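**Student:** Have a look at this prediction, sequence included:
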There are 2 protein chains.
Amino acid sequence: MNESEFLAGYDPRDYPAVAVTVDVVALTIRGGGLRVLLVRRGEQPHAGRWSLPGGFIRPDEDLPQAAARELAEETGLSDRVHIEQLASYGAPGRDPRMRVVSISYLAFAPDLPDPRAGTDASDAAWHPVDKVPELAFDHGRILDHGLERARGKLEYTPLATAFAGDTFTISELRGVYETVWGVPLHAGNFHRKILSVPGFVESTGETTESGGARGGPRAKLYRAGDARLLHPALLRPAREETIR
Amino acid sequence: MNESEFLAGYDPRDYPAVAVTVDVVALTIRGGGLRVLLVRRGEQPHAGRWSLPGGFIRPDEDLPQAAARELAEETGLSDRVHIEQLASYGAPGRDPRMRVVSISYLAFAPDLPDPRAGTDASDAAWHPVDKVPELAFDHGRILDHGLERARGKLEYTPLATAFAGDTFTISELRGVYETVWGVPLHAGNFHRKILSVPGFVESTGETTESGGARGGPRAKLYRAGDARLLHPALLRPAREETIR
DNA sequence: CGAATAGTGTCTATGAGACAGTATCTT
DNA sequence: AAGATACTGTCTCATAGACACTATTCG
């Protein structure tokens, strides 16, 4: 029997049902740190545990739509949120109930309001990524993948602007990089570098209304430019240990 | 009803079945060009059309396992092949029969034998990527994503060595880059650069048995090193048009 | 021998990063 | 006044890329 014959005789309905879910790693910057949106599970399995927001896909709904819907159900926001596919997970046994394949999405948002009042407020919260409790299923691994992807994407895409508001200062943008990468950056060099990358940011011609909270002159305001890729890229300080 | 209650009351068996497949973008270098493994569909829909090798996942089989199995069924080889997840596709209607979510994988192999004799030989072939016929389903888009991913990965990972044999010369490695990127590279500068990236290649101490077919001295042989990331990266010649 | 290739030397332009310095603002 | 911050100037070092050159091997 060759592959074609095998496929023809193969009816997936003969097999145990496969469920498909989307899970969202939603990141924002709050209180000076990077945070991820978690929801507390109300039902078994893993009842009471924190998990990534997500759920089963619905008929006639594309995957990115499903991810946006799940996110909107928790945050009330679908606007101003950048969303992109992360990876898929389908190991047998990752959900004890049945075979579940999860398509994960990565979402970046500027400082969002608290998870929306429509749902039980105690059930969803922004957790600092360095103090995340043990998560349900394999969500801890998904979160790790999402964080590493986000850190990498800051290097060669203008994604950092998705964490900022419509307009921002170079210092605020530097704060995004420092928060996501977890390393301090040199203010002067960063400033010059951002302005030297074509299409990364464009000036609004305005400045902040006042100086910084602890002094300093008013800063010029910028908005996101039209570049889709940064060239040259902003490379993270070398991490010798992660190369091998 | 909050999210937890919704999930609890939601039985995916109540909805039309969702099938999960893996599809593999398998690339190799043959006859001086980059080629992709395609199989001809024997059954409806899209009977007679070329498509990526793939099929339904089986119970108790992890996703990478399923991809490796599908590839092995066509090539007879599972060894020496690098395989990694690419992306997932689940738009309603992408398969006319039912809701199908496809997890795609990207595979890189050194010059492989022809698709194996066990299956009907006329049903599988390595196609030059610049002369691919119209593919079934949305496989054309999946292939495009795979090619772009492969091109990008050559920049910052030692993936090029997966296209070469166990040992190779710097010239052969340059050939991989030129073929996948589709641009000529400067031989001298490439040579120096490869040797300057820690852990990319390591010398075997041997040389080729003879010089090149058209003359030139014997070349030193190398094998893949232990680096997982290239630092500094090998950047493609700037492509201004792709940045915006 | 003539041509092609492997490998090295050298020069230039560019960018990263260290450091310094000035102007402006808050407390 | 003191300190913090925005921004700019300048220097050094590493790398990319252009070009040149030698040595080796094939036809």
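**Tutor:** Structure received.

**Student:** ok, and does stretch A:176-193 reach over to chain B?
**Tutor:** No. Shown here: stretch A:176-193 not in contact with chain B (Cβ under 8 Å from any Cβ of the partner chain), separated by at least 15.9 Å. C-beta: built from backbone N, CA, C; applies to glycine.

**Student:** what's that stretch in contact with?
**Tutor:** With Cβ atoms under 8 Å, 6 or more residues apart in numbering or on different chains as the contact definition, stretch A:176-193 has outside contacts at A:29, A:32-34, A:150-151, A:154, A:160, A:163-164, A:170-171, A:174, A:234, A:236-237.

**Student:** Swap in 6 Å and give it another go.
**Tutor:** The contact list for stretch A:176-193 (Cβ atoms under 6 Å, 6 or more residues apart in numbering or on different chains) reads A:Ile29, A:Leu34, A:Arg151, A:Leu154, A:Ala160, A:Phe163, A:Ile170, A:Arg174, A:Arg236, A:Pro237.

**Student:** With stretch A:36-45 instead?
**Tutor:** By Cβ under 6 Å, 6+ apart, the list of residues contacting stretch A:36-45 reads A:26-27, A:47, A:49-51, A:53, A:96, A:123-124, A:126-127, A:129, A:136, B:4, B:8.

**Student:** The same query, at a cut-off of 8 Å, please.
**Tutor:** A:24-28, A:47-53, A:71, A:74-75, A:95-97, A:115, A:122-127, A:129, A:132, A:135-136, A:143, A:146, B:2-5, B:7-8.

**Student:** Just the buried ones from the residues you listed, in ChimeraX syntax?
**Tutor:** ChimeraX command restricting those to the buried ones, with burial defined by 16 or more other Cβ atoms under 10 Å in any protein chain shown:
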select /A:24,25,26,27,28,49,50,51,52,53,71,74,75,95,115,123,124,125,126,127,129,132,135,136,143,146 /B:3,4,7
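
**Student:** So which of the contacts of stretch A:36-45 sit within strands?
**Tutor:** Judged by DSSP state E, the contacts of stretch A:36-45 include A:Val24, A:Val25, A:Ala26, A:Leu27, A:Thr28, A:Trp50, A:Ser51, A:Ala124, A:Ala125, A:Trp126, A:His127 as members of strands.

**Student:** Those residues into CSV, with extra columns for distance to DNA strand C?
**Tutor:** Listed next are those as CSV, based on distance: Cβ to the nearest atom of the strand, whole Å:
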residue, distance to DNA strand C
A:Val24, 32
A:Val25, 27
A:Ala26, 29
A:Leu27, 23
A:Thr28, 26
A:Trp50, 36
A:Ser51, 37
A:Ala124, 34
A:Ala125, 30
A:Trp126, 27
A:His127, 30
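
**Student:** Any residues of chain A in contact with DNA strand C? List them.
**Tutor:** Selection of chain A residues close to DNA strand C by Cβ under 7 Å from any atom of the strand yields A:186, A:188-189, A:193, A:196, A:210-218, A:232-235, A:237-238.

**Student:** ok, now with 6 Å
**Tutor:** Taking Cβ under 6 Å from any atom of the strand as the criterion, chain A approaches DNA strand C at residues A:186, A:188-189, A:193, A:210-211, A:213, A:215-218, A:232, A:237.

**Student:** biggest separation within the residues you listed, which pair?
**Tutor:** Comparing every pair within those by Cβ to Cβ identifies A:Ser210 and A:Pro232 as the most remote, at 33.7 Å.

**Student:** hmm, the longest helix belonging to chain A in reach of chain B?
**Tutor:** Ranked by number of residues, the top helix in chain A under DSSP state H is helix A:139-156. No. If you take Cβ under 8 Å from any Cβ as the test, helix A:139-156 misses chain B, and the best it gets is 9.2 Å.

**Student:** Is there contact, residue-wise, from whatever helix or strand comes next after that helix to chain B?
**Tutor:** Using DSSP states H and E, the helix or strand that directly follows helix A:139-156 along the chain is helix A:160-163. No. Helix A:160-163 lies apart from chain B when judged by Cβ under 8 Å from any Cβ; the minimum separation is 14.8 Å.

**Student:** Which other helices and strands does helix A:160-163 contact?
**Tutor:** Helix A:160-163 is packed against strand A:18-30, helix A:170-181, with contacts defined by 3 or more Cβ pairs under 8 Å, 6 or more residues apart in numbering or on different chains; DSSP states H and E.

**Student:** ok, 6 Å please
**Tutor:** helix A:170-181 (3 or more Cβ pairs under 6 Å, 6 or more residues apart in numbering or on different chains; DSSP states H and E).

**Student:** Now do the buried residues in the next helix-or-strand element following the helix it packs on.
**Tutor:** Counting by DSSP H and E, the next helix or strand C-terminal to helix A:170-181 is helix A:187-196. Neighbour-count burial for helix A:187-196, counted by 16+ other Cβ under 10 Å, picks out A:Phe190, A:His191, A:Lys193, A:Ile194.

**Student:** How about stretch A:196-207?
**Tutor:** A:Val197, A:Gly199, A:Phe200, A:Val201.

**Student:** what's the burial count for A:Ser104?
**Tutor:** 26 (other Cβ atoms under 10 Å in any protein chain shown).

**Student:** ok, the residue nearest to it when sequence neighbours are not counted - how many residues close by?
**Tutor:** In this structure, A:Ser104 finds its nearest non-sequential neighbour in A:Leu86, 4.2 Å apart by Cβ to Cβ, 6 or more residues apart in numbering or on different chains. A:Leu86 has 23 neighbours, counted by other Cβ under 10 Å.

**Student:** quick one: what helix or strand has A:Leu86 in it?
**Tutor:** Using DSSP H and E, A:Leu86 falls in strand A:82-89.
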